[in-house]
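> This is a predicted model, with the sequence first.
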Amino acid sequence: LNPQIDKPIVVLNMDPETPVVENDQANITLLCNIVDGNPLVLTKVRWFLDGEFLKELPECDEASTGDENLCEVDPTKMLLQNVGREFIGNYSCEGFNVAGWGDTSEENPLDIYYEPGNATMVHYPHVAIKRKSVTFNCSIEDRGNPIATRYRWLRGGKPVMDVVTPSWTVDPVGLDSRTTFSCFAYNEGGEGNAAEVRLEVHAPPAFVQKLHPYTGALYSTSNISLACRVECVPSCTISWFKDGVGIEDSDKRYYITSQYLAAEPATGDFESAYSVLHFNMSAWPDGILDRIRDSSNYSCVSSNNSAGPGVRSTTYFGVEYPPENTSLSNAAISVEEGKIPPRIVCSSRAYPEPAFYWTRNGETIVKGSALVVNSVLGRDDAGVYTCVAFNKHGNHSTDAVIDIHYKPTCGIVRKEVNNEDVLICTATGSPRESEFEWSLKYENDTLQSHKTGGDAYESILTLDNDVSAMRTYVCVASNSVGMGPPCEIEVAGYVAWWLKGDILTPYILIAAVAALLLAVILICVIIICICRRKRRQDKFTGESSTAGGSQIEPGEYENLPFHGLATPPKKPLHDIADDLVYADLDENNYGPINYKAASIYNMVKFKGRTPN
């Protein structure tokens, strides 16, 4: 039997399957596998790339021998070493057996991934301006395999994660834009080479520190200055103006200091010009500012630079002073109790304008310049209300007096004034000046016969001693507000002191009677003594007028009452100049006349009896 033979039918396979990355330097084996034919053995294989013959395996010469004999090589396998982009193409193969060459297999593509080529970058504008925008464009000639459509950007060496397009606009440009910018394309094959530029950024004049709209200084301040700072790259200069007129270096009232400061990454500020205008107060009249003349507009002005025009900042400089001349719309007001007083407005001169508050008894009651009371006032609300004007330099105050007028109330007291029994009616009200009216309660009688006196603060009513009945006296005080409530006092009728029934009255009467009796007794004793004395004088005179004279015996001596009724003395006077003084007669050394005569008589008689 002769078996049937057929040409081989083959397919081309790859190991590993593609695509592969060029940078991996991989090896790929092409396999030409027989799927049909007879016999199923390939003795030769032809390899094609994109339809063009590459080689035939085995590459052997049947006549050759030795090491160069390649006939032992498996023709169904072809090894591609370190495949690169040049290996990209469609591969196919043909198989040979004893029946001959079979048909060419279907093409199998080999795909090799590789990275894009070098990038180039341009940006517009060439010099970026702060607070404006700059656009970067990244381009590549070799876009790689597969074709690169994505780009990666770096700013200062740090990836910008949210930008993958070939064009990138940075807006706004700032200090952090003064750095390097890089870009490159990338695909599955890898990253291309990056392009890099360093961006130059300029800053037009702009204020980092501008003047405040208002600047104030106390008129007596010794250290005053104005400062401004202008960001500008390239650098700029700063000039000062007062009311639109430039301040020159020759003006001794001022001096200017300037410097160019480095950039501040923390705040994003570029290099800046800093200038300070100092007030040389020693050159000002009296070393102080004039409140009117020196309040002016001061301006800080920068020059232009290549990035933009100059800038200007102006402040109104005000000369300040503490409150003074504080005054009130009404310094003193009077209002009736139970009514609402008018408002009092406080004003003061100060700069800056003062604020106000009102105090009473040390406590703040109102904030603001107007004291407005929306409720009725009582008498306890009377007093001093203080308005305080203040600003940051001090305060000044003034007082308002609120007088609450109300009807008087009265009170009556009973006193003895200048030995007169009086009633005093005193009024308490506002105003204090009052008029008084006296009357009797429950009686039709009048007080016309009573004497009244006093002044605008009290009334004095003199009581009548002829009134024996109890009376109730009524006093009514009135002032400009009106008549107050009456006050009254009960006064008992006039009674002789011995009829008043006082506890001491009986003792006073007894003492008076005893004194009267004692006086009568004394008078009687004096009369008796005088009579007796008179009688003795008469008797003595009659006896001494006889021829021989009467012989008076000592026993005839009569005692007087004031001599204690004692026994008459037995001894005569030893001498005329005896010291005995009789109290009941004129004080001569020789005693009373009758007593002397008796003494002389006894002495003579005694001497006659004495023997020689």
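Yes, it's here.

> I'd guessed Gly493 sits against Arg471; true?
Yes. Between Gly493 and Arg471 there is a contact at 7.4 Å, judged by C-beta atoms under 8 Å. For every residue, glycine as well, the C-beta is placed using N, CA and C.

> hey, which helix is longest across this protein?
helix 505-544 (DSSP state H).

> count of neighbours near the closest residue to Val173 other than its chain neighbours?
Using C-beta to C-beta, 6 or more residues apart in numbering and skipping the chain neighbours, the partner closest in space to Val173 is Ala128 (4.5 Å). Ala128 is flanked by 24 other residues according to other C-beta atoms under 10 Å.

> Residues contacting the host helix or strand of Ala128, please?
Assigned by DSSP states H and E, Ala128 belongs to strand 127-129. Identification of contacts with strand 127-129 by C-beta atoms under 8 Å, 6 or more residues apart in numbering yields Val134, Val170, Val173, Ser177, Leu199, Glu200, Val201, His202, Ala203, Pro204, Ala307, Gly308.

> Give me the PyMOL select line for those, limited to the buried ones.
Buried residues among the contacts of strand 127-129 (16 or more other C-beta atoms under 10 Å), as a PyMOL selection:
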select buried, resi 134+170+173+177+199+201+202+203+204+307+308
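
> and Gly493 and Arg471? which has more neighbours close in?
With neighbours defined as other C-beta under 10 Å, Gly493 and Arg471 compare such that Arg471 has more, 19 against 12.

> Count the residues that sit near Arg293.
Quick note: Arg293 (other C-beta under 10 Å) scores 9 neighbours.

> pLDDT value on it, please?
What the model reports for Arg293 is a pLDDT of 90.

> So Val41: helix, strand or coil?
Classification of Val41 using DSSP: H, G, I helix; E, B strand; the rest coil returns coil.

> can you tell me how far the residue nearest to Val173 sits from Leu423?
In this view, Ala128 and Leu423 are 107 Å apart by C-beta to C-beta, to the nearest Å.

> what do you get for Trp284?
76 Å.

> Between the two, which has more neighbouring residues?
Shown here are Trp284 and Leu423; by other C-beta under 10 Å, Leu423 has more neighbours (20 against 15).

> My reading is that Asn23 lies in a strand. Confirm?
No. Counting by three-state DSSP, Asn23 falls outside a strand, being helix.

> count of residues packed around the residue found closest to it once you drop the neighbours it is linked to in the chain?
With C-beta to C-beta, 6+ apart as the criterion, Asn23 has its nearest non-adjacent residue at 5.7 Å, and that residue is Gly190. By the criterion of other C-beta under 10 Å, Gly190 has 16 neighbours.

> so Gly190 bridges to which residues?
With DSSP bridges as the criterion, Gly190 is bridged to Asn187.

> check contacts around it.
So Gly190 contacts Val21, Asn23, Tyr113, Tyr114, Glu115, Gly144 (C-beta under 8 Å, 6+ apart).

> Now do the same for the fourth one: its pLDDT.
At Tyr114, the pLDDT value in this model is 94.

> That one is in contact with Asn145, isn't it?
Yes. Between Tyr114 and Asn145 there is a contact under C-beta under 8 Å: 5.3 Å.

> Find residues that contact each of those two.
In contact with both Tyr114 and Asn145: Arg85, Gly189, using C-beta under 8 Å, 6+ apart.

> What residues sit buried inside stretch 142-155?
For stretch 142-155, by 16+ other C-beta under 10 Å, it's Arg143, Gly144, Asn145, Ala148, Tyr151, Arg152, Trp153, Leu154, Arg155.

> ditto for stretch 432-442
Ser434, Phe436, Trp438.

> Inside strands: which ones of those residues?
Using DSSP state E, the subset of these located in strands is Phe436, Trp438.

> can you redo the buried residues of stretch 432-442 as TSV with distance to Thr364?
Compiled in TSV, the buried residues of stretch 432-442 are given as follows (distance: C-beta to C-beta, whole Å):
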residue	distance to Thr364
Ser434	36
Phe436	42
Trp438	48
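
> could you dump the buried residues of stretch 142-155 to TSV with pLDDT and distance to Tyr321?
Listed next are the buried residues of stretch 142-155 as TSV, based on pLDDT from 0 to 100; distance: C-beta to C-beta, whole Å:
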residue	pLDDT	distance to Tyr321
Arg143	93	78
Gly144	92	79
Asn145	92	84
Ala148	93	75
Tyr151	95	68
Arg152	96	67
Trp153	96	62
Leu154	96	62
Arg155	95	56
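
> Now for the residue nearest to Asn304 when sequence neighbours are not counted: which residues touch it?
Once flanking residues are discounted, Asn304 sits nearest to Gly310: 4.9 Å by C-beta to C-beta, 6+ apart. By C-beta under 8 Å, 6+ apart, the contact list for Gly310 reads Pro205, Cys236, Val301, Ser302, Ser303, Asn304.

> Over to Arg131?
Pro172, Val173, Gly174, Ala206.

> can you count the residues close to the third one?
When you say that, I think you mean Gly174. 15.

> thought it was touching Lys130?
Yes. Here Gly174 reaches Lys130: they are 6.3 Å apart, a contact under C-beta under 8 Å.

> Show me whatever sits in contact with both of the two.
Val201.

> Assign Thr165 to helix, strand or coil.
Applying three-state DSSP: Thr165 is coil.

> how close does the residue nearest to Val173 sit to Val230?
From Ala128 to Val230 the distance is 20 Å (C-beta to C-beta).

> List the beta-bridge partners for Glu200.
Applying DSSP bridges, one finds that Glu200 bridges with Val127.

> That one: what's it in contact with?
His126, Val127, Ala128, Arg178.

> Show me how to select, in ChimeraX, the buried members of these.
This is the ChimeraX syntax for the buried subset of those, where burial follows 16+ other C-beta under 10 Å:
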select :128,178
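
> Same list, the contacts of Glu200, but as TSV with distance to Glu59 please.
Shown next, in TSV, are these (distance: C-beta to C-beta, whole Å):
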residue	distance to Glu59
His126	62
Val127	66
Ala128	65
Arg178	65
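
> any idea which of the contacts of Glu200 is closest to Gly362?
Arg178 (63.2 Å; C-beta to C-beta).

> Per-residue pLDDT of the closest residue to that closest one other than its chain neighbours, please?
Leaving aside its chain neighbours, Arg178 sits nearest to Val201 (4.5 Å; criterion: C-beta to C-beta, 6+ apart). In this model, Val201 is scored at 96, pLDDT.

> for Tyr457, same thing?
pLDDT at Tyr457 comes out at 82.

> give the contact list for it.
Tyr457 neighbours (C-beta under 8 Å, 6+ apart): Thr426, Ala427, Arg432, Glu433, Ser434.
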